[in-house]
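Q: Got a predicted structure here, sequence first:
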Amino acid sequence: DGGITQSPKYLFRKEGQNVTLSCEQNLNHDAMYWYRQDPGQGLRLIYYSQIVNDFQKGDIAEGYSVSREKKESFPLTVTSAQKNPTAFYLCASSGQLDNSPLHFGNGTRLTVT
Amino acid sequence: AQSVTQLGSHVSVSEGALVLLRCNYSSSVPPYLFWYVQYPNQGLQLLLKYTTGATLVKGINGFEAEFKKSETSFHLTKPSAHMSDAAEYFCAVSDQRYGGATNKLIFGTGTLLAVQP
């Protein structure tokens, strides 16, 4: 079955450490996205990529970095510069038509202590 | 700029009762509108979407939504709630600030639906 796989489901890190969240899709979608979800705040866009080797900042990119070396993969690194990294992170992908819905992975819950 | 407002962060209904989840949007261009559902510790699943054409949109699981341009609303309804409908629901509008062929969405803050037996 086609879909988006995020791993791991739960991740624990100490403050000051960088951590990378994995996102892989087999939907043959060109566009991929990373959203952050906090209680009561909905989803906020971190980074997005329309095509391989290209990506743009979203609304809350500070303290995060991404890469897009393959169409299927869009890993997100949460760096030590991110002030409040504890959150639920959601990866999504979509086709290129401008009303194509987003398909989401099941998320990674990151806890930094 | 586009924005989405969901009235009521928590809604509780009895099983079999009408479900009404409210969503108002702001957009300077004709919007694309979406409703997503999220079950605990899972990703979001598309319920339905409005792009153009018929203003009453039917989705999965018996849900539907009506686009009302004059009221800038896109409320989600279901005639009879089921226990399995308990989840968080997000309304979203297409984010057209940056242009280009992407489908970035601006999400509302969500409405948690509880269904009482």
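A: Everything's here; your move.
Q: What does the pLDDT read for the residue lying closest to B:S27 once chain neighbours are set aside?
A: In space, and not counting its chain neighbours, B:S27 is closest to B:Q2: 4.8 Å by CB to CB, 6 or more residues apart in numbering or on different chains. Where C-beta positions appear, they are placed from N, C-alpha and C, glycine not excepted. According to the prediction, B:Q2 has pLDDT 80.
Q: Assess the claim that B:Q2 and B:D95 are in contact.
A: Yes. B:Q2 lies in contact with B:D95 (CB atoms under 8 Å); the separation is 5.8 Å.
Q: thinking again about what came up before, and the gap between the residue nearest to B:S27 and chain A?
A: 12 Å (CB to the nearest CB, to the nearest Å).
Q: which residues do B:Q2 and B:D95 both contact?
A: Shared contacts of B:Q2 and B:D95 (CB atoms under 8 Å, 6 or more residues apart in numbering or on different chains): B:I106.
Q: Buried ones in the strand ranked longest in chain A, by neighbour count?
A: If you go by DSSP state E, chain A has its longest strand at strand A:42-51. Buried positions in strand A:42-51, judged by neighbour count with 16 or more other CB atoms under 10 Å in any protein chain shown: A:G42, A:L43, A:R44, A:L45, A:I46, A:Y47, A:Y48, A:S49, A:Q50.
Q: and chain B, which of those reach it?
A: Counting by CB under 8 Å from any CB of the partner chain, A:G42, A:L43, A:R44, A:L45, A:Y48, A:Q50 from the buried residues of strand A:42-51 sit close to chain B.
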